[in-house]
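Participant: Build the 3D model from these lines:
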Amino acid sequence: MRNRSNHPGGLVYSTEHGRMCPACAKPVEACVCSQIETAPTGDGIVRIAYETKGRKGKGVTVVSGLLLTPSELKALARELKARCGSGGTVKGNTIEIQGDHRDRLTADLRAKGHHIKSPK
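Facilitator: Numbering: from 1, shown residues only. The predicted structure follows:
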């Protein structure tokens, strides 16, 4: 078996267990590496902006700078969407809420203890 560049050594496949995780050397079904969620790094200042660029004139409120794990970010997005009464999504480390909800989101996130950079 050849050592591939994306597999830095170790067992890649076992006839007994099938595919093996190259990081923890456990079967892929029992791998604990993919279950570990890490929060992004940053300055901890939450920025709230209103954007229409690339959305055919429809505006969204973008919340970025939250230092939360992906599951915590999804849960917060669900709560904020319900609070604003509109749709939205999580893209990368940002939350997008349809419409202009900067004032409401600023108040809600400040109440949760986040440091918000004041919108202009």
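
Participant: What score does the closest residue to Arg19 other than its chain neighbours have for pLDDT?
Facilitator: What sits nearest to Arg19 in space, not counting adjacent residues and going by C-beta to C-beta, 6 or more residues apart in numbering, is Val28, at 4.5 Å. Glycine gets a C-beta too; all of them are placed from N, C-alpha and C. With respect to pLDDT, Val28 scores 73.

Participant: Could you verify my assumption that Val28 touches Pro22?
Facilitator: No. At 10.1 Å, Val28 does not count as touching Pro22 under the criterion of C-beta atoms under 8 Å.

Participant: Neighbour count for those two, which is higher?
Facilitator: Set Val28 next to Pro22 and count neighbours by other C-beta atoms under 10 Å: Pro22 wins out with 16 against 12.

Participant: Just read off the phi/psi values of that one.
Facilitator: Backbone torsions for Pro22, taken as degrees, to the nearest 10, come to phi -70, psi -20.

Participant: Need the single longest helix in the chain, by residues.
Facilitator: Using DSSP state H to define each element, the chain has its longest helix at helix 70-84.

Participant: tell me what that helix is packed against?
Facilitator: strand 88-91, strand 94-98, helix 102-111 (3 or more C-beta pairs under 8 Å, 6 or more residues apart in numbering; DSSP states H and E).

Participant: And it, what's buried?
Facilitator: Neighbour counts using 16 or more other C-beta atoms under 10 Å place Leu73, Leu76, Ala77, Leu80, Lys81, Cys84 of helix 70-84 among the buried residues.

Participant: Now do that helix and helix 102-111, the angle between them.
Facilitator: Helix 70-84 and helix 102-111 are oriented at 130 degrees to each other (axes from the mean of the first three to the mean of the last three C-alpha atoms, to 10 degrees).
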